[in-house]
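>>> Just need the structure, nothing else, for what follows:
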Amino acid sequence: MKLTTQAYCKMLLHTGKYPHCAVNGVLVAEKADARKRREGEPLLLIDCIPLFHGTLALAPMLEVSLSLIDSWCKENSYVIGGYYQANERAKDSRSLWCDSRADVTCCPDQVAEKVASRIAEGCNDATLIMVDNNRLSVECEDPAIIVYEHIDNKWKRRDMHSDYCEDWHEAQRITANLLDCRSYESLVDFDNHMDDIRNDWTNPEINKAILHLC
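As a prediction, this is how the structure comes out:
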């Protein structure tokens, strides 16, 4: 799995906009890429769609959101290929779901595993990403994510030292720039969209800002 700068940046902007809340969202890949990759090639997750902040487990809202995203993906030849979540507090990075290395990881809860497993039903290489609260900073000095893959119907943590960004130096520079400029204030998630349907959850303005800095 690899993340484009746009996908990584929007995940961190979502987390930065709501530092007091848990947040989640999905990641999309090009359908052709998901189907035609040669064995061993990583799935490239090209964009991030922010879902909710605060309460993440409301099933009706999740169903509506995923249905809208799925329709948008079909129109644009995309496929939902991943799920991300950031816990509410740094201490939430440790839980009963963690293994013996819990002090350096961020662990998926039942909500994360359930949604990610649903995505895995439609994408064999689906990825579950937990944002590591302990590594979050405006400077973005280190990748702030922990990646899990679906193996034998279980979510298992991948090597945390692997480079999961298509271009980490670019992702770090642009994410730090947008966090410093407080660009996250204009980021729209599905909670914002449902409050006012004029709010565009594809975040075209954020996408333009990232492209401008590339």
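>>> Follow the chain on from the longest helix along the chain and name the next helix or strand.
In terms of residue count, the longest helix belonging to the chain (DSSP state H) is helix 59-75. Toward the C-terminus, helix 59-75 is succeeded by strand 78-86 as the next helix or strand (DSSP states H and E).
>>> quick check: mean pLDDT across that next one?
Mean pLDDT, strand 78-86: 96.
>>> CA-only coordinates of that strand in PDB, if you can.
The C-alpha trace of strand 78-86 is given here as PDB (Å, rounded to 0.1, in the frame of the first residue of the first chain):
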ATOM      1  CA  TYR A  78     -12.500   4.600  -8.200                       C
ATOM      2  CA  VAL A  79     -12.900   2.000  -5.500                       C
ATOM      3  CA  ILE A  80     -12.900   2.300  -1.700                       C
ATOM      4  CA  GLY A  81      -9.600   0.800  -0.700                       C
ATOM      5  CA  GLY A  82      -9.000   1.800   2.900                       C
ATOM      6  CA  TYR A  83     -10.300   3.200   6.200                       C
ATOM      7  CA  TYR A  84      -8.600   5.500   8.600                       C
ATOM      8  CA  GLN A  85      -9.300   6.500  12.200                       C
ATOM      9  CA  ALA A  86      -7.700   8.700  14.800                       C
END
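>>> mind listing what that strand pairs with, with the direction of each?
strand 23-30 (antiparallel), strand 127-131 (parallel) (DSSP bridges).
>>> what angle separates the very next helix or strand once past it from helix 59-75?
Sequence order places helix 110-122 as the next helix or strand after strand 78-86, per DSSP H and E. What separates the directions of helix 110-122 and helix 59-75 is an angle of 30 degrees, with axes from the mean of the first three to the mean of the last three CA atoms, to 10 degrees.
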